[in-house]
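Participant: Predicted model and sequence follow; I will ask about them next.
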Amino acid sequence: MTIDPSALGNGGHQAPVWTSTVVGHHRLRHDLAVIRLIGEFVPFTAGQSVEVQVPQQPGMRRRLSPALPPSLDGKLEFHVRTVPGGWCSGSIVADTRTGDEWRIGAPRGSFAIEPSGPEVVMIAGGTGLAPMRAQILDLARKPEQPRTYLFVGGRSPRDLYAADMLTLLADELPWLTVVPVVDSTSDPNWADEWYEHSRVDIGFAEDDLLHGNLADVVSSHGAFDSHQVLVCGSPAMVGATVDRLVESGTPLRNIQYEGA
């Protein structure tokens, strides 16, 4: 651990920064990559975000949510999608290389499940899946788990970049149900070379997919008035989903939400 002289924490103290080295850069879509790192232990909690600095953009900081819970052996995983006009996200997706050293700091947030609480409804759009996955894996370590429903949304089946991982996870964890939702049941008519290179035989069957807008599909299941509800995705997705949940009778106090 080092101290970042440019960042001051509470009380004027210099904020700690941890270093981690890229050991895997997996480009899954033209605009999306999964980055795996190993380094110093970072004391965050599952569901929080951390601040990252990458060598390709040394003067910039970006907040990302780890897709794994804290690991004493220093393993980290991030799911990064290119933001239109976003220099840092685009550089991470396209230019990250094995051996790059990242600086990790400033864990933040209270986006979390209460393991002893009621049933859980998770709603993830795009890379909003990352903090949900971290919390699911963290729950799996607990003696008991609440029944958990994960709605994961994409524009088309091809956009569900973690279909293989989620299928295996749902098979392994009897308390977890994964519900994939797509705006369109047909993929775009242009080829994505990264998708073609990363395709596997495990994933969602066509009959598994629910068709429609994610916010509408989730809210159509009625009011989640006795559930823990977590929402994560783009600001537009989060806003629309929270509005529809409240309109359909879910108390706002039951909902936690974060942007991805």
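Facilitator: Right, received. Where do you want to start? Residues are numbered from 1 along each chain as shown.
Participant: residues contacting residue 48?
Facilitator: 65-66, 107-111, 131 (Cβ atoms under 8 Å, 6 or more residues apart in numbering). Glycine gets a C-beta too; all of them are placed from N, C-alpha and C.
Participant: One more: residue 178?
Facilitator: Taking Cβ under 8 Å, 6+ apart as the test, what residue 178 contacts is 150, 152, 166-167, 169-170.
Participant: Now do stretch 128-148: distance from first to last residue.
Facilitator: Stretch 128-148 has an end-to-end distance of 16 Å (Cα to Cα, to the nearest Å).
Participant: Same check on stretch 105-113?
Facilitator: 23 Å.
Participant: And the contacts of stretch 239-253?
Facilitator: 123, 125, 213-216, 218-220, 222-225, 227, 229, 231, 233, 255, 257.
Participant: And it, how far out from the chain middle?
Facilitator: 21 Å (Cα atoms, centre = their mean, to the nearest Å).
Participant: Export it to CSV, keeping only CA atoms.
Facilitator: Provided in CSV are the C-alpha atoms of stretch 239-253 (Å, rounded to 0.1, in the frame of the first residue of the first chain):
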residue,chain,number,x,y,z
GLY,A,239,-33.8,6.1,-13.3
ALA,A,240,-36.4,4.4,-15.5
THR,A,241,-36.3,1.2,-13.4
VAL,A,242,-36.7,2.9,-10.1
ASP,A,243,-39.6,5.0,-11.4
ARG,A,244,-41.4,1.9,-12.8
LEU,A,245,-40.8,0.0,-9.6
VAL,A,246,-42.3,2.8,-7.4
GLU,A,247,-45.2,3.2,-9.9
SER,A,248,-46.0,-0.5,-9.6
GLY,A,249,-46.1,-0.4,-5.8
THR,A,250,-42.5,-1.1,-4.6
PRO,A,251,-41.7,1.2,-1.6
LEU,A,252,-38.8,3.5,-2.4
ARG,A,253,-37.3,2.6,1.0
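Participant: list the buried ones in it?
Facilitator: Using 16 or more other Cβ atoms under 10 Å as the test for burial, stretch 239-253 gives 240-242, 244-245, 248, 250.
Participant: that older thread, just the buried ones out of the contacts of residue 48, please.
Facilitator: Using 16+ other Cβ under 10 Å as the threshold, 65-66, 107, 109, 111, 131 are the buried ones among the contacts of residue 48.
Participant: can you tell me the average pLDDT over the helix or strand where residue 79 lies?
Facilitator: Using DSSP states H and E, residue 79 sits in strand 75-81. With pLDDT averaged residue by residue, strand 75-81 scores 97.
Participant: can you list the residues that contact it?
Facilitator: Against strand 75-81 from outside (Cβ under 8 Å, 6+ apart): 20, 31-39, 42, 52, 64-68, 89, 92-93, 104, 126-127, 129-130, 161-162.
Participant: quick one: the residue nearest in space to the middle of the chain from residue 136, how far?
Facilitator: Residue closest to the mean C-alpha point of the chain, counted by Cα atoms, centre = their mean, is residue 130 at 1.7 Å. With distances taken as Cβ to Cβ, to the nearest Å, residue 130 is found 11 Å from residue 136.
Participant: was I right about residue 36 contacting residue 22?
Facilitator: Yes: if you go by Cβ atoms under 8 Å, residue 36 and residue 22 touch, sitting 7.3 Å apart.
Participant: which one of those two has more residues nearby?
Facilitator: Legend: neighbour count by other Cβ atoms under 10 Å for residue 36 and residue 22, higher for residue 22 (22 against 17).
Participant: what angle sits between the helix or strand where that one lies and strand 75-81?
Facilitator: Using DSSP H and E, residue 22 maps to strand 14-29. On the basis of axes from the mean of the first three to the mean of the last three Cα atoms, to 10 degrees, strand 14-29 is oriented at 60 degrees to strand 75-81.
Participant: Name the residues that touch strand 14-29?
Facilitator: 1-5, 7-9, 33-42, 74, 76, 93, 96-106, 158-159, 161, 192, 194-195, 197-198.
Participant: buried ones in stretch 181-190?
Facilitator: Buried positions in stretch 181-190, judged by neighbour count with 16+ other Cβ under 10 Å: 181-182.
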